[in-house]
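Colleague: I would like to see how this sequence folds:
(chains A, B and C)
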Amino acid sequence: MLRDVTIGQYLPGNSLLHRLDPRSKINGVLFFMISLFVINNMVGYWLMVISAVGMILLSRIPLKYFLKGIKPLLLIIILTVILQALMTPGEIIWQWKFLHVTKEGLIQALFMGTRLVLLVSITSLLTLTTTPIVLTEGIEKMLNPFKVIGVPAHELAMMMTIALRFIPTLIEETDKIMKAQAARGADFESGNLIKRVNALIPILVPLFLSALKRAEDLATAMEARGYHGGEGRTRLKELHFAGKDYGAFGMAVILLLAAIATRVLF
Amino acid sequence: MPLEVKNVEYTYSPNTPNASVALKGVDLTIDEGEFVGIIGHTGSGKSTLVQLLCGLMEPSEGQILIDGVDINNKETPKDIRKKLRLQVGMVFQYPEHQLFEETVLKDICFGPKNLGFNEEEAKKLAKDAMKKVGLPLKYAEESPFDLSGGQKRRVAIAGVLAMKPKYLILDEPTAGLDPQGREEILAQVQQMQKELGITIILVSHSMDDVARFADRIIVMNKGEKYLEGTPREIFAHDEELISLGLGIPQVTQILKRLQKEGWAVRTDIVELDAAKEEILKAWRARKGGNNHA
Amino acid sequence: MIQLENLTHTYSSEQGKNVAVDNISLEIHKGEHLAILGQNGCGKSTLAKHLNALLLPTAGRVIVEGMDTKDESKLWQIRQTVGMVFQNPDNQLVATTVEEDCAFGVENLGLEPKLIRQRVDEALATVGMSEFKEKAPHLLSGGQKQRVAIAGIIAMRPQYIVFDEPTAMLDPHGRSEVIQTMQKLNKEENITIINITHFMEEAVLADRVVVMDKGKIAFMGTPKEVFRQVERLKALHLDVPVVTELAQAIGAETGIDGDILTIEELVVSLCR
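Modeller: Numbering: from 1, shown residues only, chains lettered A, B, ... in the order given. Have a look, this model is predicted:
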């Protein structure tokens, strides 16, 4: 049923990675990504692969969840790899008509493929070990310093929370409206593009009206519960930087330094 | 010709860890012209059942037959199945949430147009439907969103009625209305059955509403047909109904209670006036008896 | 005490003016369970929104525990004193888990996280939703959602709670969950309850019933005083308890009272 839809892909668990402060995790992912673009040789790639595998093992999340994350991007990854292999000039090792594969091309393709797979896996690791709500809180806290230059950190986070809360409700509602219109003989499946787009109007208009009504009700309810913006507001679950978070931060810095070192030394 | 449900089963998200059986082994027949009440808790399977009846979902097992034809048989041409399916009209809970057109008339025309009627015919059907639900024609060119809650609901019901269904399913048609709105809608529904001969299938949580109008009641529980019969037959099972949390009409409850106190009253009455007569009769008898003693 | 003094609310639109609440004066006493009964459009929901300054009077005043709702400096104190539960259970839950939602109002008060945790746990226990605290609201039944909404309000420790048709969208099971919770809060927590409803089954449970019609108070009194006026209620298109109607129908001959509200009372009177 549609109400089983889950937002994000959080997998409950109690590993070290699950327990880290979201800010440490977001920070870690950022450092990992930068490192990924710093490295340019085999040693660097080994460094990144080993640290990624290490983190995945630490999270105790089965490998299949990462493969699931890669699957939708598989086509893009394969295409990039093939293009890299074919387009890089150098020592030709295989040729057919105008197509030729070079040794350099193969290495580049392997690097690029590894880079993409690691990129997807490490972001999956973040969303697999962090609930959307905690992630939102982390983003809010990290954006807080930018308030002085006008970044509405609290408002953005509140919007994300409300979106997360209402997406399942609206999906359920869409399902109901579609059924009601189907019962009036609406056909969403046949006809050309214009016809199909037109067929969406009987769904979109009621959905939009209902969303507006919900927004209005919610605003009233929030006001009645004393909401007056982020000023003076405290939280049930405050984020706390613990020893392990400083550790994680240190590891992230070391990883980046190591990545730079591989580039300079090898 | 009847609407038949043969040994129907329905499972949500089959073959997944979330699979849940919503209906199992349901058999029933609804004859043309009847007023049937389907009653049960949230989660009893009644909503699933009616969605199968109007072809919005296909049963996992078993068949739904309209006039003897299986509405889900792939060998029957698609357009014939659609026509057949649309003989069963369905008014969902809070049907006013499906309105979308600029005017009342245009909105009611949506169904007939989907059935292939041209502009003129559709308008004629729509106006007929407005009359049937007691909506004055002066509202035809107004925006449905400017009407009151009760009127919006009538527009939505008219939108289904304009398709001339033989069977009309109404899922909690009185939900959210105040007592006056509730009475008006129920009276209108009863009139549709009596005067237009439309078969009515009323889905409700309220035994009081169903008992007053239905010729036959079907009680659903945990995905199965639990009881079936005339209101009187059903209320004989009062203790089971109460344990299911469904209860029996108040009038019936009063009579049952009096009977327990030793009064010689019938307990299969649902109307207030009839109950009044019954209680007075017993009261006179008791008083007479006391005088003799 | 909440005092309404000549409260009037007029909505102005292009089509003209609509007087939703018309010169109402009423006192709501601390600790009472008040029901405001009336059909849709009688102005009862507009009146409700004045009790915690969601709307301000266009004429007259509303005084909550000595605070005028027009006094902006008292706004947040008034909203903390008078909580509000709305009709649609879906549209008043803000957060993605039950406990986070329950915390929302208390968070707005700016309390210490430790204290928020304590209040949330207590509130969820009071409404019997503790075991669901990690759940997402959209997976709950209507009655459960409404109980979470109530918990969110009581965590703020209000003295009054206004229920604006809290059961209109619920099934019978959900309805009885909410009514039981409401009564418990009144009896055990000593919170003043103001229940806006069109269900007479709920009004019967109140200490005092105010019947509204066309923006005015039509009449008021204890449930017995109100519901014995069967004809008057019917003229306002309101329901009357079946028991009361039956009692009055047989009253002339049997001599039983016309203010009977429960089956038990009727049976006892008849058997006397």
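
Colleague: use CA for all of it now, contacts and neighbours both
Modeller: Fine.

Colleague: all strands for the stretch 151-272 of chain C, in order.
Modeller: Secondary structure of the stretch 151-272 of chain C by DSSP state E, counting those that start in this stretch: the strands cover C:160-164, C:192-197, C:208-213, C:216-221.

Colleague: one more: chain B?
Modeller: B:3-12, B:20-30, B:35-39, B:61-66, B:69-70, B:88-91, B:167-171, B:199-204, B:216-221, B:224-229 (DSSP state E).

Colleague: from the contact counts, what lies against the helix or strand that contains residue A:128?
Modeller: Assigned by DSSP states H and E, residue A:128 belongs to helix A:103-129. Here helix A:103-129 touches helix A:22-38, helix A:42-59, helix A:63-70, helix A:74-87, going by 3 or more Cα pairs under 8 Å, 6 or more residues apart in numbering or on different chains; DSSP states H and E.

Colleague: was I right to think residue A:143 contacts residue A:151?
Modeller: Yes. Using Cα atoms under 8 Å, residue A:143 is in contact with residue A:151, at 7.3 Å.

Colleague: list of residues touching stretch B:178-194?
Modeller: B:33-35, B:132-134, B:150, B:154, B:173-174, B:198-200, B:213, C:39-40, C:198-199, C:237-239 (Cα atoms under 8 Å, 6 or more residues apart in numbering or on different chains).

Colleague: now it: mean pLDDT?
Modeller: The average pLDDT for stretch B:178-194 rounds to 90.

Colleague: just the CA trace of that stretch, in PDB.
Modeller: What follows is stretch B:178-194, C-alpha atoms only, in PDB (Å, rounded to 0.1, in the frame of the first residue of the first chain):
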ATOM      1  CA  ASP B 178     -24.200  18.100  11.200                       C
ATOM      2  CA  PRO B 179     -27.500  16.400  12.200                       C
ATOM      3  CA  GLN B 180     -29.500  18.400   9.600                       C
ATOM      4  CA  GLY B 181     -27.100  17.700   6.800                       C
ATOM      5  CA  ARG B 182     -27.000  14.000   7.800                       C
ATOM      6  CA  GLU B 183     -30.800  13.600   7.700                       C
ATOM      7  CA  GLU B 184     -31.100  15.400   4.400                       C
ATOM      8  CA  ILE B 185     -28.500  13.200   2.600                       C
ATOM      9  CA  LEU B 186     -29.900  10.000   4.000                       C
ATOM     10  CA  ALA B 187     -33.500  11.000   3.000                       C
ATOM     11  CA  GLN B 188     -32.200  11.800  -0.500                       C
ATOM     12  CA  VAL B 189     -30.500   8.500  -0.800                       C
ATOM     13  CA  GLN B 190     -33.600   6.600   0.300                       C
ATOM     14  CA  GLN B 191     -35.600   8.500  -2.300                       C
ATOM     15  CA  MET B 192     -33.200   7.500  -5.000                       C
ATOM     16  CA  GLN B 193     -33.800   3.900  -4.100                       C
ATOM     17  CA  LYS B 194     -37.600   4.200  -3.800                       C
END
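
Colleague: what's the offset of it from the middle of its chain?
Modeller: In terms of Cα atoms, centre = their mean, to the nearest Å, the centre of stretch B:178-194 is found 12 Å from the chain centre.

Colleague: residues in contact with the closest residue to residue B:165 other than its chain neighbours?
Modeller: Distances taken as Cα to Cα, 6 or more residues apart in numbering or on different chains place residue B:87 nearest to residue B:165, at 4.4 Å, with adjacent residues excluded. When contacts are counted by Cα under 8 Å, 6+ apart, residue B:87 touches B:164, B:165, B:166, B:167.
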